[in-house]
Every structure is written in structure tokens, then in C-alpha cells.
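*Asks:* Here is my input; please provide its structure:
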Amino acid sequence: MTGRVVFNHLGQCVTDLERSRRFYVELLGFEPWREINPPDESSAKLLGLEGPLGMTACYLRRDGLVLELLHFAAPERSRPAQRRAMDAPGLTHISLSCDMAAVRTRVAELGGEVLEATDIGVGVFIRDPDGQLIELLPLAYADKVATK
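*Replies:* Numbers count the residues shown, from 1 in each chain. Model (predicted):
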């Protein structure tokens, strides 16, 4: 390793910022942290995109993880969400331990989907409103991991 490296955040593009913020805050207990609207010119350069962007970056926190929800308001940046398969290269999913029954009952209400076919009793996948895979595991799993 070369010098000090510190985890910063995980970024995720969303099609409807308010809907996604509500999903992660109300359903999964993320805490709103900050929101910025950086200038198009520097953001476009950093992200390798052509302007205009009209980007908003909304940062949510949970258990030391910072999730950055990126929303692009410029019509040129509007794209439909694409559902990635678990074997597609790149980040595949977010995993959270929770009261699975309580969370499952509100997923659809907040714009997501429970993938019933993935339910193995001790775990199930859901999709957020834009199709991002989220693995739900029981709290006992988190307790086991924390004690190792």
C-alpha cells in the first residue's frame, strides 16, 4: 500500500432523488448528511461526462458507510434505470442486516421490489426504486460478524 488510504463513499446514480432518499432513509435507516449542487464544469470533467449535468449529490450515512445518491437533472442526462445481474462486472449489491420481516413489508410502498424467488429463509434480495440490488440478512448475521 502506498501511504494512507481511507474509505470515502459509495456513489449510486438515481432517477428520482426524493424517492431514493425516502427509500434509504425511511426503509433502511440511513441518516441524511449533506447535499450539494456542484458546478457543471468541474463535475463534468471529474465524471468524464459532457455538460450540462444539473447534478445534485445527496450524502446519506449508516454505520460508517456514506452512500452518495447522484441525480442529474439536465434532460440530456436522463436515462432509464437498468437492472444489472449479479454476475455483471462491477459492484453487485449492498448488504444490510435488519428485521427482515419489518423491512419487507414496506419495500413496495417506498418504490422498491422484494425478489421473492431469492428468499432462502436467512436472506433475501430486494431492489431499490432504480433496481439496485440490496441483500437483507437477519440481525443475528451482523452480530456474528461483529464478534469475529
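*Asks:* who does the one helix or strand in the chain whose mean pLDDT sits lowest touch, helix- and strand-wise?
*Replies:* Least confident helix or strand of the chain, by mean pLDDT, DSSP states H and E, is helix 139-146 with a mean of 77. In this structure, helix 139-146 packs against strand 94-98, with contacts taken as 3 or more Cβ pairs under 8 Å, 6 or more residues apart in numbering; DSSP states H and E. (C-beta placed from N, C-alpha, C; glycine too.)
*Asks:* and the helix or strand that the strand it packs on is followed by, which residues are buried?
*Replies:* Moving toward the C-terminus from strand 94-98, the next helix or strand (DSSP states H and E) is helix 100-104. By neighbour count on 16 or more other Cβ atoms under 10 Å, the buried set for helix 100-104 is Met100, Val103, Arg104.
*Asks:* Just the mean pLDDT for helix 100-104, thanks.
*Replies:* On average, the pLDDT along helix 100-104 is 96.
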